[in-house]
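J.: Generate coordinates for the sequence data below:
(3 chains)
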Amino acid sequence: MSALDAGASSGPVSDAAHPRRAVDRLLAGNAWLVFAFLYAPILVLVVLSFNSNRIVGVWQEPTLRWYRDLLQDQAVLRSLKNSLIVAAVSTTVATVLGTAAALSLERFRYRGQRLFDGLLYLPVIIPDVTMAVMMLLFFVQAFDLILIATGTSPNLGLGTISLSHIAFNISFVAIVVRARLAGLDRSLEEAAADLYASSWQAFRRVTLPLIAPGVLGGALLALTLSLDDVVITSFVSGPGSTTLPVYVFGLVRRGVTPLINAVSVVMLVGSMLLVIASLIVQRQRND
Amino acid sequence: MRINRLAAGLAVLTVGLTACGREVGGDAADDPTSDGTSTATEAAATAECEEGETDGDLVFYNWSDYIDPELITQFEEEHGVSVTSDYYPSNEELLAKVQSGGSGYDVIVPSDYMVNIMREEGILLPLDKDAIPNHVNVADEFADPPFDPGNQFSLPYQWGTTGLGVDTAVVGEDVEASWDLIFDPETASQYSGQIALLDDPRETMAAALYYLGYSPNTTSDEELQEASDLIAEAKQHIAAFDSNLYTDLLLSGEVAISHGFSGNYFAAFAEAENPDQYRYLIPLEGATKWVDTMAVLADAPHPCTGHTFINFLLDAENGAQLTNWNYYGSPNAAAEEHILPEILEDPAIYPPDDADLFFLEDTGDAEILYNDLFTRAKS
Amino acid sequence: MSTLTTPPDAGPEPDSGLLAPETEGLEEKGERRRGRRGFLIGAPSLAYLVLFFAIPLGIVLVYSFATRSRTGLTILGDWNLDSYQRLADSLVLEIFWRSLWLAGLSTIICLLLGYPLAYYLATRPPRLRAVLLVLVMIPFWSNFLVRTYAWRVLLASDGPMSGVLGWIGLGDVRLLFTPFAITLGLVYGFLPFMILPLYASIERLDFSLVEAARDLYGSGWQAFRRVTWPLSRPGVIAGSILVFIPSFGAYVTPEILGGSRTTMIGSYVVRQFLSARDWPFGSALSFAILAVMLGAAVLYFRSGGKNL
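T.: This is a model prediction of the structure:
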């Protein structure tokens, strides 16, 4: 039961109760509206994945052809796999680094902090294509240096894609976590610092649970950004390391077929199943 | 304050970077001392391959849906190598990706004007014709193109035109193939809001230049300004500038006239419920002709497999299979006897000899003018 | 998910512990030690950003002073400020203002839709909250292009949205390829960027405090304005930054939903790097964007915005 509901039902029935219920209704109405807005194009996307005509927006007849094709399309499956690998790696690393950056900037004062602060915002501001060009130039230069120093050189590929995704994701995670940290009462953390022997324990037992919603939000944002990035990825990818969005972008010249809708539907269903599974696990743990 | 310190920090970093004794950026042509790229070029100049030689698996960077997958399988089986394919959506993205070197691709498919740029930038490998005996199959018309004299760096892959796709249910059966449909105020106003143009500074400015009777490669400020004004005026009737989904726009009925590349229309028309409803027109005032070519990158990891692949695609039967699959014209003279007759006889794919067709060429510094005037016209 | 809510102090006040007056020398030493620890916590992230962002950024900074060769290469060595001078061009300024305007509008709409939603999510039972939050995100794990094309179908002239408008009696209104379509696309694309930080900062509110405020001020609106809103401000600021900046630089949405009829700064920058092959000017444009945005942020925080 939420705090708001608790307040409403436990207190004596006041005059204010009436408008409050109206506000609740408005909030619920808005939520339905926003969810409808978010899922409207998803509905279209799902319907079109069963369209036998490959032209977007021209409905012919229902078919499962694209799902069958998907199972045989090695290029799409490979790029989907690449996408998931990059998303998992970059989200994990960026969430850790971004949370650390947020803590460091929001909880402490030291010299040079403002510089760090400014640097942290730059990856959010910089246009995608500029970041793409500079990362490519950087990696090519760095590989040349490595070649001179060691005689062998790494190649563009999943590694360079992940490194670039982490670079912009750190900032997004840090901004969301800082929104949570700002104004969060510190007396609990300080009490914890006295209570627990190590500061790691204090962090794990008190600070982390306190900022968890911010960390979750940051991680979700990082995951989304990584799964959607086209420009930066296409510049720093190497042969065969194409991710799904880059692969799809390459298709635009001849039109994106419903096959890509089918991939999206598979991903949507997959993530829905994960959510349901985690819900069941949570419930069992609670019981 | 924050900005100042930031700028100072960046300055330090930059100094540190240059202090490493290396120049940033990798443009081989202007900077012969840059060791990474120049060694690649040197190695390239001496690369010699035997006919049919392979030196590893092929990495092919192509436009999407541009090759029959069966041809790839056939090549893999014939030569015992595997082929990795990646796709790019435009020449510009291709250039940006490969110009710094180290991209790892072997064979690319740049268009005419891009070959010229890449050639000058030194990022293409001179082709060893001994390894490509099928180069004799190339039709005379494509054997010595202005963008690559003597086919030193490139051999043609497919060719086509840029014209107009129309919905005859709206514009009528006896529609005249003319840029009037877009730029003549009276004609265009009949189709207001039902016209789509390419979102491409060179192609779309060229359309206006053809209508005005100027060269599509002009560098004259006045002529370009006139073309820009013409597009700005036509904009009131134009629904969208779109380089990607122009066939979908036409077939879904969103527009009745759209500007785009020939082969894409034929592939799309074949998918339509009523293919006869649509037609591809090459405007009489003049239109763009383009050739996509095959080239090997200077730092290709497997140049000899690349040569063998090019030779494979220039084979008469394989060349015909390309055209029969993607509906673009074949520059392969020997392939003609294997091409489906309905494709050979289609004047939209093989236009009559008297059609006014032009290549777009790199215009040097005027490229900036094309871009800015086009952007100005659109907004 | 944490259900811990703590009574908020009088407002976002960083480092209250540090600033507490104590005996001078001891305090200074402790402060320095604390500061060093704080730096060490942030050091790996800082090092990462320096290596994989600041140094690459230095490369394009160098490029912005270089010259475009006739064929579109970047000539390093002939240093000049030409690219920066071109920034004052009326075309650039016009595109800049238009992008600011569209991004601002999208941010306000996102805030109006996102704030009540975040509030609603944060007041659901704890177990439901995380699920609902993930449900907000799931649409965005489909493919971006396919999603945007779906909007094209919805907005098409014989599509469902036009149908609804015609049914209401608004007649034949063109939706696709208009600034409306761009704004809609931007709001859709960046709404989650608003919701996530808002959720993170509203979720920590102590709702008993809101109750108390309601009793104190008598009206729910006053309680919201005096207590809830100020306490959720960090989320509002973070969300607005995360929506405004990417909308400002967006380029796929204006191209696909706007039919490229409305040029935004993102498309203009892309055009410099790709079709014009003018990397120096593209780099200079990017630095202008960085400078304007950072400058705005500095001015905002200077003016005391943070403590408002």
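J.: Alongside chain B, which residues does the stretch 101-250 of chain C contribute?
T.: Counting by C-beta under 8 Å from any C-beta of the partner chain, the residues of the stretch 101-250 of chain C close to chain B are C:149, C:152, C:156-158, C:174, C:176-177. Every residue, glycine included, has its C-beta placed from N, CA and C.
J.: Write the PyMOL selection for whichever of those are buried.
T.: Here is the PyMOL selection string for the buried members of those, based on 16 or more other C-beta atoms under 10 Å in any protein chain shown:
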select buried, chain C and resi 149+152+156+157+176+177
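J.: Flag every residue of the stretch 251-379 of chain B that's near chain A.
T.: Checking the stretch 251-379 of chain B against chain A by C-beta under 8 Å from any C-beta, the hits are B:251-252, B:254, B:264, B:267-268, B:271-273.
J.: Pull out the buried members of the residues you listed.
T.: Buried members of these, scored by 16+ other C-beta under 10 Å, are B:251-252, B:254, B:264, B:267-268, B:272.
J.: And these, which is closest to chain C?
T.: Chain C has its nearest neighbour among these in B:Glu254, at 5.8 Å by C-beta to the nearest C-beta.
J.: I believe the closest one is in a helix; please confirm or correct that.
T.: No. Secondary structure assignment (DSSP: H, G, I helix; E, B strand; the rest coil) places B:Glu254 in coil, not in a helix.
J.: Throw the buried ones among the residues of the stretch 251-379 of chain B next to chain A into a markdown table and include pLDDT and distance to B:Arg202, thanks.
T.: Shown next, in a markdown table, are those (pLDDT from 0 to 100; distance: C-beta to C-beta, whole Å):
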| residue | pLDDT | distance to B:Arg202 |
| --- | --- | --- |
| B:Leu251 | 92 | 25 |
| B:Ser252 | 89 | 27 |
| B:Glu254 | 92 | 25 |
| B:Asn264 | 88 | 17 |
| B:Ala267 | 85 | 23 |
| B:Ala268 | 88 | 23 |
| B:Ala272 | 85 | 29 |
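J.: Report the entries of those that also contact chain C.
T.: Among these, chain C is touched by B:252, B:254 when using C-beta under 8 Å from any C-beta.
J.: burial of C:Thr74, as a residue count?
T.: 25 (other C-beta atoms under 10 Å in any protein chain shown).
J.: Would you mark the buried spots in stretch A:76-91?
T.: A:76, A:78-80, A:82-84, A:86-87, A:89-91.
J.: Angles on the backbone of B:Asp140, please.
T.: For B:Asp140, the backbone dihedrals (degrees, to the nearest 10) come out as phi -50, psi -40.
J.: Surely it touches B:Ala333?
T.: Yes. Applying C-beta atoms under 8 Å, one finds B:Asp140 in contact with B:Ala333, separated by 7.5 Å.
J.: Counting neighbours around each, name which of the two comes out higher.
T.: Ranked by neighbour count (other C-beta under 10 Å), B:Asp140 and B:Ala333 place B:Ala333 first, with 17 against 7.
J.: mind listing the helices for the stretch 201-308 of chain C?
T.: C:207-217, C:220-223, C:229-248, C:252-256, C:265-273, C:279-302 (DSSP state H, counting those that start in this stretch).
J.: Please produce a markdown table containing the ones you listed, extended by mean neighbour count and distance to B:Leu58.
T.: Output for the helices of the stretch 201-308 of chain C, formatted as a markdown table (neighbours: other C-beta atoms under 10 Å in any protein chain shown; distance: least, C-beta to C-beta, whole Å):
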| stretch | mean neighbour count | distance to B:Leu58 |
| --- | --- | --- |
| helix C:207-217 | 16 | 64 |
| helix C:220-223 | 16 | 69 |
| helix C:229-248 | 24 | 38 |
| helix C:252-256 | 24 | 31 |
| helix C:265-273 | 25 | 29 |
| helix C:279-302 | 20 | 30 |
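J.: how about these, which one is nearest A:Val269?
T.: A:Val269 sits nearest to helix C:252-256 of all these, at 25.2 Å, using C-beta to C-beta.
J.: Who are the contact partners of the closest residue to chain C within the stretch 51-200 of chain A?
T.: Chain C sits closest to A:Phe108 of the stretch 51-200 of chain A, with a gap of 2.3 Å, by C-beta to the nearest C-beta. When contacts are counted by C-beta atoms under 8 Å, 6 or more residues apart in numbering or on different chains, A:Phe108 is found next to C:15, C:34-35, C:37-39, C:41-42.
J.: Let me see the confidence value for it.
T.: Looking at A:Phe108, its pLDDT reads 87.
J.: just A:Val206 next, same as before
T.: 85.
J.: correct me, but it touches A:Asp194?
T.: No. The criterion here is C-beta under 8 Å, and A:Val206 misses it with A:Asp194 at 11.0 Å.
J.: Those two: which is more packed in?
T.: A:Val206 (19 against 7).
J.: The more buried one: what's it in contact with?
T.: Contacts of A:Val206 were listed using C-beta under 8 Å, 6+ apart, and they are A:188-189, A:191-192, A:196.
J.: Grab the nearest non-local neighbour of it.
T.: A:Ala192 (3.8 Å; C-beta to C-beta, 6 or more residues apart in numbering or on different chains).
J.: Then C:Asp78?
T.: C:Thr67 (4.6 Å).
J.: Pull the contacting residues for the one you found.
T.: C:Thr67 touches C:74-75, C:78, C:80, C:82, C:280, counting by C-beta under 8 Å, 6+ apart.
J.: Within range of chain B, give me the residues from the stretch 151-287 of chain A.
T.: So the stretch 151-287 of chain A meets chain B at A:153, A:155-156, A:234-235, A:237-240, A:242, A:247, A:249-255 (C-beta under 8 Å from any C-beta).
J.: What backbone torsions are found at the residue in the stretch 51-200 of chain B positioned nearest to chain A?
T.: Closest approach between the stretch 51-200 of chain B and chain A, counting by C-beta to the nearest C-beta: B:Tyr87, at 3.1 Å. Main-chain dihedrals, B:Tyr87, degrees, to the nearest 10: phi -130, psi 150.
J.: repeat for B:Leu284
T.: According to degrees, to the nearest 10, B:Leu284 has phi -70, psi -30.
J.: For C:Phe244, list the residues it contacts.
T.: Per C-beta under 8 Å, 6+ apart, neighbours of C:Phe244: C:103-104, C:106-107.
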